[in-house]
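Chemist: need a structure here:
(2 chains)
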Amino acid sequence: MIEIKDLHKSYKMGSNSLHVLKGINFSVEEGELVAIMGSSGSGKSTLLNILGMLDEADEGEYVLDGIPIKNLNETKAANYRNKFLGFIFQSFNLINYKTALENVALPLYYQKLPRKQRQEKALQYLEQVGLKEWSHHLPSELSGGQKQRVAIARAMVAEPKVLLADELTGALDSTTSYEVMELIQKINDQGNTILVVTHEPDIAQMCKRIVHLKDGVIVKDEKVKQVRAKAHV
Amino acid sequence: MFSKDTWQEIFLTIRKNKLRTVLSGFTVSLGILIFVGLVGLTNGLQNTFEYFFSQDATNVMYIFPGRTSMPYKGYKALRRIELENSDLKDIKEDFPMFVDYISPRIFRSALVKYKEESNNYTTIGVDWGQQFAEKTIMMKGRYINQEDVKNKTKNVAIGRLVEQDLFGKSNSIGEFIDVGGSMFRVVGVFQDDGGDNEERQLYMPYTTRQLIEKNTDKIGQIVIGFKEEIGYTGAMAFQRSLEKYLKQKKFISPEDENGFFVRNVADQLKQNQDFAGVLAIIAALVAFGTIIAGIIGISNIMVYVVKERTKEIGIRKAIGATPRSVISVILLESIFITTISGFLGMFLGIALLSTLGDKLMDDYFILNPGIGTGLAVFATLLLIVFGSLAGYVPAKRAARIKPIEALNDE
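Modeler: Residues are numbered from 1 along each chain as shown, chains lettered A, B, ... in the order given. Okay, the predicted model is just below:
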């Protein structure tokens, strides 16, 4: 599903250049649930941004489901993001003046789906994350865990090839974190490919594979025995 | 770009951000309202000027006799100057290239009687030219003509209200009326835009008036209608040489300004037109400034809107919004608000002006203020177009926002 070869990325900080990614090689199969771990500054967020086409690599190859991701203009990148990727952020990033349903339906709006279909589909995904009754509430009326569920529904609604989650439990207490991870595992069980960036070992243990990143290189890539989040709830 | 969905998205944004919408809309409405109001009031002022000067001809000069203020050529000061028949003749003969017509005006008050009805009116002894100077309109019959003046006939032209007072509903033409003890035949009835006062006057041949007054040759005032083709400069030159000529003829010191007075309507009109023109320019500048202030206001709001929505734009881009859709949503929202509130301000301004009518006439000399629909629409469109252009820059910048930076923007 994801093929990455010899990926390099550096940032210019004034006259200095900061080499963040120093040759990353890894691949993700369909249906995997991968945790990318590392301390801050290890380059994990940068890697995720490049995977999410929010940023571009200086060097190296990135192939997503057979499509080389290279030299994209803004419009094309936007279309790829819309079709191939679903984002889940630490700070939820819901649009605060739109209801849960409207937030979930937004990616479909950019796919130019008719309004009625958008709403049906959005409602269906809200039901999947257990928030059907909350569909007409604004984000400000939802708890942190509920907001993240809405965000997950929004990431799922366009049926992307890969879900990218950046510290998705970072703003949640541990009980809520496990609830959200349970949902992530459930989605993964349905065959979706998910990448989770985290620095919390217990969250990483709930994935099937952990990639350890340190100073811009992969130091360890291991399959783990998945801890089911349900046991903690 | 103009799909129903885009509009639904825009309406939703507008509904959910009422304060922002109202503030930016208010700026635009106010700008257009001030523009329309300012231009309208200036037009009203010009209407008043035109109204004042439309009552009488503007290619006219009046000569009023006065009293000398300094001794000259053996004559003492404070000598009363009188105008005479010979002055009429001399001016006509010596300024043929300027003079179109010339007429004396001898004002006398007289008791006028017809059957049982009687009243006091102003009678004016005139020559035929007076009709053009006063822009008198004949309703029936005719004005005093050359034959009347030559033969000193006892014919009068009476004002509309004189006929109404004395004759009621019956016809006055051909009837005889008693004017200050002499019988005159009514030959015409006139109306005048100058108002009721001017319609309570009677015109008689000035020669007849002189005959009644023991065949005098004094003529009160002189009205000179000059040829329009000499223009403003010609009129001023004519006035100067006429003053010099009369001072010489009447033995008045060249420095003496009090022997007689000349009122040059063309000069007054020019001064008033210049004044109104300068006012119009100032008002136009201020009005234009208002539009510019409106445009700057919109662009400020747009910069603020983009700043405020940076995170939202980042989110939208992360889930698949193209730069084009980001620009179009922001721009269309601004154009929509600007258009609605711009035309709202315009109609409000026009409605406000049209309710004024002549209410401001007495105190502020503003008559029927109004603005050409074309100009109002043009100004509104100008604001919309330049407002959008001004909004395009921040919208474009918004579209270039990197989602990742926008999302970190708290």
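Chemist: neighbours around A:Leu164, how many?
Modeler: 26 (other C-beta atoms under 10 Å in any protein chain shown). C-betas here are computed from N, CA, C, even on glycine.
Chemist: those helices in chain A, which residues are they?
Modeler: A:44-51, A:74-84, A:100-110, A:115-128, A:144-157, A:174-189, A:201-205 (DSSP state H).
Chemist: How about the residues of chain A by chain B?
Modeler: Within chain A, the positions near chain B by C-beta under 8 Å from any C-beta of the partner chain are A:49, A:52, A:54-55, A:74-75, A:78-79, A:81-83, A:87, A:89, A:91, A:93-95, A:97-98, A:102, A:106-107, A:109-112, A:115, A:154, A:158.
Chemist: Is the residue of the stretch 51-200 of chain B found nearest chain A in a helix, a strand, or coil?
Modeler: Residue nearest to chain A within the stretch 51-200 of chain B: B:Tyr51 (55.5 Å; C-beta to the nearest C-beta). B:Tyr51 carries the three-state label helix when classified by DSSP: H, G, I helix; E, B strand; the rest coil.
Chemist: what residues are up against it?
Modeler: B:Leu367 (C-beta atoms under 8 Å, 6 or more residues apart in numbering or on different chains).
Chemist: if I look at it, how far off is B:Ile219?
Modeler: 31 Å (C-beta to C-beta, to the nearest Å).
Chemist: what do you get for A:Val227?
Modeler: A:Val227 is 123 Å from B:Ile219, by C-beta to C-beta.
Chemist: Same drill for the two, tell me which one is more crowded.
Modeler: B:Ile219 (26 against 17).
Chemist: ok, how many other residues are close to the nearest residue to the more buried one once chain neighbours are set aside?
Modeler: Nearest in space to B:Ile219, with sequence neighbours left out and distances taken as C-beta to C-beta, 6 or more residues apart in numbering or on different chains, is B:Pro104 at 3.6 Å. Look at B:Pro104: counted by other C-beta under 10 Å, it has 27 neighbours.
Chemist: does B:Pro104 sit in a helix, a strand or a coil?
Modeler: strand.
Chemist: doesn't B:Met204 make contact with it?
Modeler: No. Taking C-beta atoms under 8 Å as the definition, B:Pro104 is not a contact partner of B:Met204, at 11.7 Å.
Chemist: who touches both of those two?
Modeler: Joint contacts of B:Pro104 and B:Met204 (C-beta under 8 Å, 6+ apart) are B:125-126.
Chemist: partner residues bridging the residue nearest to B:Ile219?
Modeler: Counting by DSSP bridges, B:Pro104 is bridged to B:Ile222.
Chemist: which non-adjacent residue is nearest the residue in chain A that chain B sits nearest to?
Modeler: Of all residues in chain A, the one sitting closest to chain B is A:Asn82 (2.4 Å; C-beta to the nearest C-beta). Counting by C-beta to C-beta, 6+ apart, B:Gly320 is the residue found nearest to A:Asn82 once chain neighbours are left out, at 2.4 Å.
Chemist: now swap in A:Val217 and tell me
Modeler: Counting by C-beta to C-beta, 6+ apart, the residue nearest A:Val217 is A:Lys22, at 5.3 Å.
Chemist: Where does pLDDT dip in chain B?
Modeler: By pLDDT under 70, the weakly predicted segments of chain B are B:1-3, B:408-410.
Chemist: residues in it within reach of chain A, list them.
Modeler: Counting by C-beta under 8 Å from any C-beta, the residues of chain B that sit close to chain A are B:3-5, B:8-9, B:12-13, B:16-17, B:311-312, B:314-325, B:399-400, B:402-404, B:407, B:410.
Chemist: mind exporting stretch A:33-52 as PDB, just the C-alpha atoms?
Modeler: What follows is stretch A:33-52 as a C-alpha-only set of coordinates in PDB (Å, rounded to 0.1, in the frame of the first residue of the first chain):
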ATOM      1  CA  LEU A  33      -2.100  -1.000  11.800                       C
ATOM      2  CA  VAL A  34       1.300   0.600  12.200                       C
ATOM      3  CA  ALA A  35       2.500   2.800  15.100                       C
ATOM      4  CA  ILE A  36       5.400   5.200  14.400                       C
ATOM      5  CA  MET A  37       7.100   5.900  17.600                       C
ATOM      6  CA  GLY A  38       9.900   8.300  18.600                       C
ATOM      7  CA  SER A  39      10.700  11.100  20.900                       C
ATOM      8  CA  SER A  40      10.000  14.700  19.800                       C
ATOM      9  CA  GLY A  41      12.500  15.700  17.100                       C
ATOM     10  CA  SER A  42      12.800  12.200  15.800                       C
ATOM     11  CA  GLY A  43      11.200  13.200  12.600                       C
ATOM     12  CA  LYS A  44       7.900  11.200  13.000                       C
ATOM     13  CA  SER A  45       5.600  14.200  12.400                       C
ATOM     14  CA  THR A  46       7.600  15.200   9.300                       C
ATOM     15  CA  LEU A  47       7.300  11.700   8.000                       C
ATOM     16  CA  LEU A  48       3.600  11.700   8.500                       C
ATOM     17  CA  ASN A  49       3.300  15.100   6.800                       C
ATOM     18  CA  ILE A  50       5.100  13.700   3.800                       C
ATOM     19  CA  LEU A  51       2.900  10.600   3.800                       C
ATOM     20  CA  GLY A  52      -0.100  12.900   4.000                       C
END
